[in-house]
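Peer 1: Requesting a structural model of the entry that follows:
(3 chains)
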Amino acid sequence: MFRFMPRDEKFFDLFETASLNIREGATALKEMAESEGDYETWWKRIEEYEHTGDRLTHDLIKRLNQTFITPLDREDIHQLGSGLDDVMDLIEAAATRLTLYKIKRCTAEAKHLAALIHQMAEEIVLAVQKLKDLDSILSHCVEINRLENLADQVSRDAIAALFVGGHGPIDIIKWKEIYETLEMATDRCEDVADILERIVLKNA
Amino acid sequence: MFRFMPRDEKFFDLFETASLNIREGATALKEMAESEGDYETWWKRIEEYEHTGDRLTHDLIKRLNQTFITPLDREDIHQLGSGLDDVMDLIEAAATRLTLYKIKRCTAEAKHLAALIHQMAEEIVLAVQKLKDLDSILSHCVEINRLENLADQVSRDAIAALFVGGHGPIDIIKWKEIYETLEMATDRCEDVADILERIVLKNA
Amino acid sequence: MFRFMPRDEKFFDLFETASLNIREGATALKEMAESEGDYETWWKRIEEYEHTGDRLTHDLIKRLNQTFITPLDREDIHQLGSGLDDVMDLIEAAATRLTLYKIKRCTAEAKHLAALIHQMAEEIVLAVQKLKDLDSILSHCVEINRLENLADQVSRDAIAALFVGGHGPIDIIKWKEIYETLEMATDRCEDVADILERIVLKNA
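Peer 2: Got it, this is the predicted structure:
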C-alpha cells in the first residue's frame, strides 16, 4: 500500500541545488574580495545567485505545503530551507557593503573571512549531498563549527585592530560593518550545521 | 456534531485589530517624518500604539493556549501574531531614533521610506481582512514584496549617499541607523506577507 | 501502565543548571563592570561560562531527540533551552566588547545595566526552579518585564547622552555598541520570561 504513497524525494534535490547555489555565491564573494575594483560587476553577479536562492526557497515551501508524506519532518525541511536561504542572503549582504562603501581593495582579514565562508559552503554542499543516507554528515558539521570559531576570532581581531590602527571614524564605520557582515555569514553556516546535526540525531 | 465545537473565529478579529493598529502607527510615523520638530509628541503617540500592539499579541497567545480547535494551524496563528507585533515594534524603533538623535527635519529619503511603510501597512490591513475567505490575499502579498524591494533600494542609496556627501561621522552614525531601522520595518512587513502567503497556500 | 514510561524529568535539572550558569555569568559581568582594568581576565572567565552553556544546550537537544515522552511540549523545551543559551551568549558578547574596545572603566550607565542583567538572572533562576510545579512562576516573569523596561530606558538615555556630551565619534561608536549589547542581553532575558509564561498558561 505504501508503495502508492512514495515519500517525495524531490526535497533532497532542492536542498542540493540550493547548496550548490550557495557555493557559487561564496566562490564569487571570495574572488570579489581578492580582486581590485569592479565590485559593481561582482555584486550584480552575486545578486543573481541570491535571486536564484529565493526562487529555490519559494519552490521548497510550496512543495512542502502540497506534500502529504515528507522524507524528513516538515519542520526540519522548513528550517533547513530557510537556513540555506539565510546563508545566501548574508553572502549577498557582504557583497553589497563592499560595493556601497566604495571599497577599493579588501584587507587581508576580509580576504581571510571570505575564504573561510567559501570553505564552509564547500562543507555544506558535502553534508547536504549525504542527507539522503544520513551518513557521515556529522564530520562536516564539526568542520563547519571549527571554521566558524576561526572566523569569529579573525573578525574580532580585525575589529579590535580598526580601533588601534589610527583609522578615521568613517573608515571604522565601514570596515566594522563589513567584518560583522562577513562574520554573520559564517554564523548562518553554523546554523545550517546545527539543523543538519539535529536531523541526523533525530533520524539516527 | 461539529456544530457544537465551532472554530474560534475571534482570532480573525484580533488579527484585524492588530493590523488596523499598525496602520495607525504607520500613519503617525509618516506624519512625524513630514513634520518639523515636536518629535517627542509623535514618539509618545507611537509608543501608545506599540503598547496596544503588545496587549493584542498577549491576548492572542492567551486565547491560542486556551483554544482547542483553531481556524488556522496553531503555528500559523502564532507566527502571524508575532509578525504583526514585530512590524509595530520596528515602527516604534524608527520613531525612537528620530527623537533620541534630536533630528530636526527628515531627509527626503526618510520621508520616502516612511511613506512606503505606510503603503505596506495599508496592504497588510487589506490582506488580513480577507484572511477569513483566503480570497485574493496573494495580490496584496505581491504588492508588499514590490514595495519592500523599492524600500531596499531607497535605503541603500540613502546610506551610500551619506558616505559621499561630506557628512561628519556623527551624522553618518545617526542617519545610517535611522535608514536601517526604517528598512527593517519594511522587512518585517515582508515577513508578514510571507506568513500570509504560506497560510493561503496551505489552506488552498 | 504509564508508570513504566515515566516522563523524563532530567530536563528540569538541565534547565536549572543552565539558569545557575547564567547567574554565574551575570555575576561575573557585574563585577567586571565595577572593576577597573584587567577586563581580559574577566572576559576569559565569562567565555568559560558561555562554553558551559553551549554544552548544556547541546546535551538538552540530544536528550530531547532521544526522549519519547517529555514533561513539557517538545517545542517549549527546545525554545526554553535556546532562550537560556541566548542570554548567556549576549552576556559574553557584552564582555567581549568591553575587552576588545580596550575600555578602561565602565560608565555609571554600563554598571547600572550590568546590575539589572544580574537581577534578571536571579529572577530566571527562581522561575526555572519552580518549573516542575508551575507554581508562582508568573510573578518572576512580571518582575523580569519590569526590569527590562527599566534597562530599556537606561540604555536609551545613555545613548542619547553620548550624542550631546561632546564625545568623539570613535567613543560614540564603542559605547553605543556596548549599551546596545547590554540592552540586548536584557531583551533575551525577557524572551525567556515570555517562554516561561507561555509554558505556564499552556499547562495551567
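Peer 1: mind checking the SS state of A:Ile103?
Peer 2: With DSSP: H, G, I helix; E, B strand; the rest coil as the basis, A:Ile103 sits in coil.
Peer 1: tell me the contacts of it?
Peer 2: Taking Cβ atoms under 8 Å, 6 or more residues apart in numbering or on different chains, we find A:Ile103 in contact with A:39, A:174, A:178. Any C-beta I mention is one placed from the backbone N, CA and C, and that applies to glycine too.
Peer 1: go with 7 Å
Peer 2: A:Tyr39 (Cβ atoms under 7 Å, 6 or more residues apart in numbering or on different chains).
Peer 1: now do A:Val128
Peer 2: So A:Val128 contacts A:15-16, A:19 (Cβ under 7 Å, 6+ apart).
Peer 1: Am I right that A:Glu183 is in contact with A:Ser155?
Peer 2: Yes - A:Glu183 lies in contact with A:Ser155 (Cβ atoms under 7 Å); the separation is 3.9 Å.
Peer 1: which neighbours do those two share?
Peer 2: Shared contacts of A:Glu183 and A:Ser155 (Cβ under 7 Å, 6+ apart): A:Leu113.
Peer 1: which helices and strands does the helix or strand hosting A:Asn65 pack with?
Peer 2: Following DSSP states H and E, one finds A:Asn65 within helix A:39-66. Helix A:39-66 sits against helix A:10-34, helix A:74-100, helix B:169-203, with contacts defined as 3 or more Cβ pairs under 7 Å, 6 or more residues apart in numbering or on different chains; DSSP states H and E.
Peer 1: Averaged pLDDT, that helix. What do you get?
Peer 2: Helix A:39-66 comes out with an average pLDDT of 93.
Peer 1: how about stretch A:28-45: buried residues?
Peer 2: A:28-30, A:32-33, A:39, A:42-43, A:45 (16 or more other Cβ atoms under 10 Å in any protein chain shown).
Peer 1: Please compute how far that stretch lies from its chain's middle.
Peer 2: Mean-position distance between stretch A:28-45 and its chain equals 17 Å (Cα atoms, centre = their mean, to the nearest Å).
Peer 1: what do you get for stretch A:86-106?
Peer 2: On Cα atoms, centre = their mean, the centre of stretch A:86-106 falls 13 Å from that of its chain.
Peer 1: before we move on, the earlier item: which one of the contacts of A:Val128 is nearest B:Lys111?
Peer 2: The closest of these to B:Lys111 turns out to be A:Ser19 (Cβ to Cβ; 41.8 Å).
Peer 1: gap between the residue of chain A found nearest chain B and B:Lys176?
Peer 2: With Cβ to the nearest Cβ as the measure, A:Pro169 is the residue of chain A nearest to chain B, at 3.8 Å. Using Cβ to Cβ, to the nearest Å, one gets 12 Å for the distance from A:Pro169 to B:Lys176.
Peer 1: give me the number of residues near the residue in chain A that chain C sits nearest to?
Peer 2: Using Cβ to the nearest Cβ, the closest approach of chain A to chain C is made by A:Pro169 at 3.8 Å. For A:Pro169, the count of nearby residues is 18 (other Cβ atoms under 10 Å in any protein chain shown).
Peer 1: Could you pull up the residues touching it?
Peer 2: Counting by Cβ under 7 Å, 6+ apart, A:Pro169 has contacts B:169, C:169-170, C:173.
Peer 1: Go through those residues and say which is closest to B:Phe68.
Peer 2: Using Cβ to Cβ, the contacts of A:Pro169 come closest to B:Phe68 at C:Ile173, 52.3 Å.
Peer 1: Show me which residues of chain A sit near chain B.
Peer 2: A:61-62, A:65, A:100-101, A:169-170, A:173 (Cβ under 7 Å from any Cβ of the partner chain).
Peer 1: Can you pick out the most distant pair from those residues?
Peer 2: The widest separation within the residues of chain A next to chain B (Cβ to Cβ) is 48.7 Å, between A:Asn65 and A:Pro169.
Peer 1: quick one on the thing from earlier: anything in contact with each of A:Pro169 and B:Lys176?
Peer 2: Common neighbours of A:Pro169 and B:Lys176 (Cβ under 7 Å, 6+ apart) do not exist.
Peer 1: need the helices and strands packed on helix A:39-66 in CSV with mean pLDDT, can you?
Peer 2: Formatted as CSV, the helices and strands packed on helix A:39-66 follow (pLDDT from 0 to 100):
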stretch, mean pLDDT
helix A:10-34, 97
helix A:74-100, 95
helix B:169-203, 94
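Peer 1: Columns distance to C:Thr96 on top of these, output as JSON lines?
Peer 2: Below are these laid out as JSON lines (distance: least, Cβ to Cβ, whole Å):
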{"stretch": "helix A:10-34", "distance to C:Thr96": "25"}
{"stretch": "helix A:74-100", "distance to C:Thr96": "20"}
{"stretch": "helix B:169-203", "distance to C:Thr96": "21"}
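Peer 1: now A:Phe68, what's its secondary structure?
Peer 2: coil.
Peer 1: Could you measure from it over to A:Asp8?
Peer 2: 9 Å.
Peer 1: what about those two, which has more around it?
Peer 2: Neighbour count, other Cβ under 10 Å: between A:Phe68 and A:Asp8, A:Asp8 has more, with 16 against 7.
Peer 1: Quick one: residues contacting the residue most central in space within chain A.
Peer 2: The centroid of chain A falls nearest to A:Val87 when counting by Cα atoms, centre = their mean (2.9 Å). The contact partners of A:Val87, by Cβ under 7 Å, 6+ apart, come to A:22, A:185, A:188-189, A:192.
Peer 1: What residues does the nearest residue to A:Trp43 once chain neighbours are set aside make contact with?
Peer 2: The shortest distance from A:Trp43 to any non-neighbouring residue, by Cβ to Cβ, 6 or more residues apart in numbering or on different chains, is to A:Thr99 (4.3 Å). For A:Thr99, the contact set (Cβ under 7 Å, 6+ apart) comprises A:39-40, A:43.
Peer 1: Make a markdown table from these and add distance to B:Glu122 to it.
Peer 2: Converted to a markdown table, the contacts of A:Thr99 look like this (distance: Cβ to Cβ, whole Å):
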| residue | distance to B:Glu122 |
| --- | --- |
| A:Tyr39 | 37 |
| A:Glu40 | 35 |
| A:Trp43 | 32 |
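Peer 1: which of those lies closest to A:Leu56?
Peer 2: A:Trp43 (20.3 Å).
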